[in-house]
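J.: this one's sequence-less:
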C-alpha cells in the first residue's frame, strides 16, 4: 500500500533563491514579482513530481527566537534584504493561501523548527516526508522516510540534490544526527554561529567521524590532531556546545497540524485570478488550469523574458518572438544568447582541474598564518577573545583600547571592514584584524569550500554558469563561484596556482584591454577619448595629464592611480563622495578631479546626461546590441533610490555592451575550435577574460584564432585589443 505523502517547503529559503535566480520583474501595477514567479516555478515542479496528500509552507517571523535568547549575536551579521524583496513576501503568502496551501509560523521559533516538528510527527504517523529547502542545516532531519530536496536554479532549469540518511553519509561522511555536531565545530558564517576557531569542514569531518559526537570529541580533545584543533576545542568548549544548541533543529514546536484534512485542489479561481493579477498569464502560469499536462519550463522561453526585461503580464508565450523582433532583439536572441547556451553547457561539462595537494598545502599555510595573526592580535589587544564575534571585537577595540567608533549597531560599534580601514593608522591591531579576516575568508571559502567539490575521478570542479541572472547581461558563476577567485592581494592571487590544465595541455588566457572604457569612447563619441585609443596611449596617464594640467611624461604613479579611479568610476556614476573614499582625499578635491575629467572629455558628460534623460522618458536603457534594462527607480520619490537608478542608467549600456561583446567572442571562438576539430576548449569566463585549456600542439593555432575572434567581435570606433598569456597554471597566465 502506498504511503501518504506530505510536502513541506522552507518559504524564505526558496523565495530568496528565486529572487536571485531571476532578473527584477514587475507586473503592470508596478509590483515586484520575480521572486514570487520563481518560487512558483520551483514549487510547481515539485508539486507535479511528488503529488502530495498534504502541502505546507513554513516562514520565519520577524521577531527574536529562542536562539537569539541563548546568543544575542545569532544571525547578527546578515545584511538586510534588497528593497525589491520584502514587498513580495505578502504577495506570495496571499497567492499560497488562494491555492489552499497551509502557511505555518511559530512565535519564538524558525521555519526550520516548524518543518522539523511537522516532519517528525508525520514520519511517526507513517507518512513519506519530502522537505524542499536550500538550507543544508535541514540535512540533520534526513532519514529513510524523510527526504530533503535541495533545488539549484540555473539558466531557467531547476536541478535538485536529494538526501535521505544514506546520501548525507555518502556526501559528508557523517550521519544526519552527526551533521549537527559537524556544523557545531565548523560554525556557520551566514547565521553567525561561532563554532570553534580554526576548524573547517575537513578537520571537523575527521573529528566527528572518529569520535561520533561533539561531546565525545570534547572528552577526547587532548588526543585530537592536529594539535591546534585540539587546543582550540579545549579552549572553546563552551562555544562549541553553544553552537550545537544553535544549529540543532527543534522537533517539538507546539504547532497545530490536522493530518485528517487532505490537500485541496490548488487551482482555485482565486488562485488563477491572483496569479494573473501578478502577471503570470504566460509561460508557467499559462499551464495552471491543466497541471496534469506538465509545465512549459523551456529555458529558451525564460531567456526570451529575460531579454525583453518587461512585465511578463504583457505577453503571451506566442508573443515573445514577436516582441523580440519589435525590440530589434532577434540578433541578440538568435546569434548571441541561444548559441551561448551550448557554449556554457560545454564549459559546465569540462569544468577546471584542481591540484588537490597544492590546495591542501595552501590551506595549511593559511592555518599557520591565521594562528600567528591570532596570537599577535591577542598580544596587541591584551586579552583572548573571539575575533570572529563583532560584539566581542567591538568591546575590545572601542571600550578596552578606547578607539573612536563610528557606526553604532545593536551589538555595539560597527567593526565592518570600511570602519576598520579608516582606523588602521590609530592602532597596530587593526591591520592584523583585517589581515586575519582576509586569511580566514580564503581558508573557509576557497579551501574548505572547494575541497568537497573536487570530483574524485578527474580532479575537476564544475561550476554552474548563469545566463539569465544579472541585470547587465553578464554571465555569473555559482557553486562554486569561479569568477570571484581573489586577485587583488598577493596571497589571494596565489590561490590561482591550484587551478591547472590536464597533462599535455596548457592554459591560455585572453583578456580584453580596458573594454568598458573603449565602449564608453564609442558610445559617447568623444573625440579626445577615441583618438587616445587609436594612438595607443596609456589612457590613465593621459587622463592624469589632462586633469592635473601636466605633461604626460611628468605624470606620477599616484596621479595615474587617481586618474584610473576616475576613469572607471565615471562608468559607474561615481560621486565626489565615493571617489573621495576610494582615494582617501577630500570631497572638494574629488569633485575637482571629476570636473576636470568632464572638461577634457565633454561628450562623455553629455552622453551620461542624455542617457539618464532618455531612461526617464522611456523607462529603460539598452546596449549597442539592444539588451534592455528597466529602470523604474528613476520614478521613485526617494532620493537614494532615484540616485541608484541614475547610476544604473549610466552603467548598464556600457557594462552590458561589454558583456555582449565577450559573449559574441565566446560563441565565435567555440565555433572555430569545433569547426577546426581542435581538442582545446574554453573552460572559464571571468567578465572580460577567457581561459582556455589548450593542447600544447595546438597552442599557436589557438592563439591566432582566439585573438582574431575576440578583437573582431564588435565593430567600434576604437579598436578592441586583447592581451594573451599562457602558463602551466592559472596564476602564471595572469
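T.: Looks like it came in fine. All of these numbers come straight from a predicted model, not from anything done at the bench.

J.: Mean pLDDT per helix and strand in the protein: which one sits at the bottom?
T.: strand 408-409 (a mean of 65; mean pLDDT, DSSP states H and E).

J.: Just checking: what are the partner strands of the helix or strand just after that strand?
T.: Moving toward the C-terminus from strand 408-409, the next helix or strand (DSSP states H and E) is strand 412-413. Strand 412-413 has its sheet partners listed here by DSSP bridges as strand 408-409 (antiparallel).

J.: quick one: contacts for residue 151?
T.: By CB atoms under 8 Å, 6 or more residues apart in numbering, residue 151 lies in contact with 14, 17, 42, 45-46, 132, 134, 158-160. For glycine as for every other residue, the C-beta is placed from the backbone atoms N, C-alpha and C.

J.: Please read the previous query as pertaining to residue 442.
T.: Contacts of residue 442 (CB under 8 Å, 6+ apart): 366, 486, 491-492, 495.

J.: mind listing which of the residues you listed are in helices?
T.: 366, 491-492 (DSSP state H).

J.: Most neighbours among those, please name it.
T.: When neighbours are taken as other CB atoms under 10 Å, the top entry among those is residue 366 (24 neighbours).

J.: how close does that one sit to residue 435?
T.: 11 Å (CB to CB, to the nearest Å).

J.: For the stretch 201-350 of the chain, which residues score under the pLDDT cut-off?
T.: Residue ranges of the stretch 201-350 of the chain with pLDDT under 70: 281-298, 310-317.

J.: Helices of that one, start to end?
T.: 201-211, 214-219, 227-235, 237-247, 269-277, 299-308, 320-326, 330-331, 338-350 (DSSP state H, counting those that start in this stretch).

J.: In a markdown table, list these along with distance to residue 688.
T.: Listed next are those as a markdown table, based on distance: least, CB to CB, whole Å:
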| stretch | distance to residue 688 |
| --- | --- |
| helix 201-211 | 33 |
| helix 214-219 | 46 |
| helix 227-235 | 40 |
| helix 237-247 | 40 |
| helix 269-277 | 41 |
| helix 299-308 | 22 |
| helix 320-326 | 27 |
| helix 330-331 | 22 |
| helix 338-350 | 16 |
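
J.: With mean neighbour count and distance to residue 611 added, can I get those helices in CSV?
T.: Shown next, in CSV, are the helices of the stretch 201-350 of the chain (neighbours: other CB atoms under 10 Å; distance: least, CB to CB, whole Å):
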stretch, mean neighbour count, distance to residue 611
helix 201-211, 20, 47
helix 214-219, 18, 57
helix 227-235, 18, 54
helix 237-247, 19, 49
helix 269-277, 16, 33
helix 299-308, 21, 20
helix 320-326, 15, 22
helix 330-331, 14, 22
helix 338-350, 17, 26
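
J.: distance between the ends of stretch 100-110?
T.: 22 Å (CA to CA, to the nearest Å).

J.: Off-centre distance for that stretch?
T.: In terms of CA atoms, centre = their mean, to the nearest Å, the centre of stretch 100-110 is found 28 Å from the chain centre.

J.: ok, residues contacting that stretch?
T.: Stretch 100-110 is contacted from outside by 11, 54-61, 63-67, 93, 96-97, 111, 113-114, 118, 250, 253-255, 257, 263-266, 268, 271, using CB under 8 Å, 6+ apart.

J.: and what of stretch 479-495?
T.: Contact with stretch 479-495 is made by 152, 352, 362, 438-439, 442, 446, 449-450, 453, 461, 463-464, 476-477, 496, 499, 684-687, 730-731, 734, as judged by CB under 8 Å, 6+ apart.

J.: So what's the gap between it and the chain middle?
T.: Stretch 479-495 sits 14 Å away from the centroid of its parent chain (CA atoms, centre = their mean).

J.: In the stretch 401-550 of the chain, where is pLDDT below threshold?
T.: Using pLDDT under 70, the stretch 401-550 of the chain drops low at 406-411.

J.: Select the longest helix from the chain.
T.: Criterion DSSP H: the longest helix present in the chain is helix 639-675.

J.: For the helix or strand just after it, name the packing helices and strands.
T.: Beyond helix 639-675 in the direction of the C-terminus, DSSP H and E gives the next helix or strand as strand 681-686. When contacts are defined as 3 or more CB pairs under 8 Å, 6 or more residues apart in numbering; DSSP states H and E, strand 681-686 packs onto helix 338-350, helix 639-675, strand 689-695.

J.: gap between the residue nearest the centre of the chain and residue 462?
T.: In the chain, the residue lying closest to the centroid (CA atoms, centre = their mean) is residue 478, at 6.6 Å. Distance, residue 478 to residue 462, by CB to CB: 11 Å.

J.: ditto for residue 330
T.: 32 Å.

J.: Show me the strands paired with whatever helix or strand residue 9 lives in, marking each as parallel or antiparallel.
T.: Under the criterion of DSSP H and E, residue 9 resides in strand 5-10. Strand pairing for strand 5-10, using DSSP bridges, gives strand 54-58 (parallel), strand 128-132 (parallel).
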